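1. Following is a predicted model, sequence given first.
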Amino acid sequence: MPIRVYADTSVYGGVFDPGIDEASREFFVQVKAGRFQLVMSPVVVDELQEAPERVRAVYEEHLPWAEFITVSIEAVRLRDAYLQAGVVTAKWATDALHVALASAQHCRCIVSWNFRHIVHFDKIPLYNGVNLINGFDSISINTPAEVIAYET
């Protein structure tokens, strides 16, 4: 059974960023191979409106392998709980919403290249603490490089 993984916007753009491009591309190869069930949200779609065409094309290419979710009331409430707990400030509410969407949809993992507000040593336990207080499971928060399968 594929692992349900929410990919935030940075993963799509990461396909073109030197240093993270290989892991980003391999993540999507493994989505197509069935290792991951890609979970997409309208938040990613909104953020991609300002992205270069080639980044939007990566998103569109992977639609056949994606489960598209909506922004639920539970996710908005969880985002607000992250903000209230000070995990991030209101300026970064969209980043918190990515984590909340993945958590509310019971994804096993969220992948991101956002080291400032999502994949951060100090933030991950805070997100998960708020999740547990609010009745959600903890979620793995990783970069694509940390979740792809490597040949041994």
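-> Sure, I can see it.
2. going forward, measure contacts and count neighbours with C-alpha atoms only.
-> OK.
3. Assign Q37 to helix, strand or coil.
-> Look at Q37: counting by DSSP: H, G, I helix; E, B strand; the rest coil, its state is strand.
4. Excluding covalently adjacent residues, which one is nearest to it?
-> In this structure, Q37 finds its nearest non-sequential neighbour in R4, 4.6 Å apart by Cα to Cα, 6 or more residues apart in numbering.
5. ok, now V99?
-> I110 (6.9 Å).
6. so who does the one you found touch?
-> Taking Cα atoms under 8 Å, 6 or more residues apart in numbering, we find I110 in contact with 5-8, 99, 102, 139-142.
7. thinking again about what came up before, now the host helix or strand of the residue nearest to Q37, how far from the centre of its chain.
-> Using DSSP states H and E, R4 sits in strand 3-7. Taking Cα atoms, centre = their mean, to the nearest Å, one finds strand 3-7 lying 7 Å from the centre of the chain it belongs to.
8. burial measure for V111, as a count.
-> Around V111 there are 27 other residues, counting by other Cα atoms under 10 Å.
9. Then R54?
-> R54 has 13 neighbouring residues, counting by other Cα under 10 Å.
10. Tell me the spacing between it and A104.
-> 30 Å (Cα to Cα, to the nearest Å).
11. so where do the helices sit in the protein?
-> 9-14, 21-32, 42-48, 53-61, 73-85, 93-104, 123-133, 144-147 (DSSP state H).
12. Could you export those to TSV, including columns for mean pLDDT and distance to E67?
-> Formatted as TSV, these follow (pLDDT from 0 to 100; distance: least, Cα to Cα, whole Å):
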stretch	mean pLDDT	distance to E67
helix 9-14	97	15
helix 21-32	97	12
helix 42-48	96	11
helix 53-61	97	12
helix 73-85	98	16
helix 93-104	98	12
helix 123-133	98	22
helix 144-147	97	18
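13. Let's have those in a markdown table, adding distance to N114.
-> Shown next, in a markdown table, are the helices of the chain (distance: least, Cα to Cα, whole Å):
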| stretch | distance to N114 |
| --- | --- |
| helix 9-14 | 7 |
| helix 21-32 | 13 |
| helix 42-48 | 13 |
| helix 53-61 | 16 |
| helix 73-85 | 16 |
| helix 93-104 | 9 |
| helix 123-133 | 11 |
| helix 144-147 | 11 |
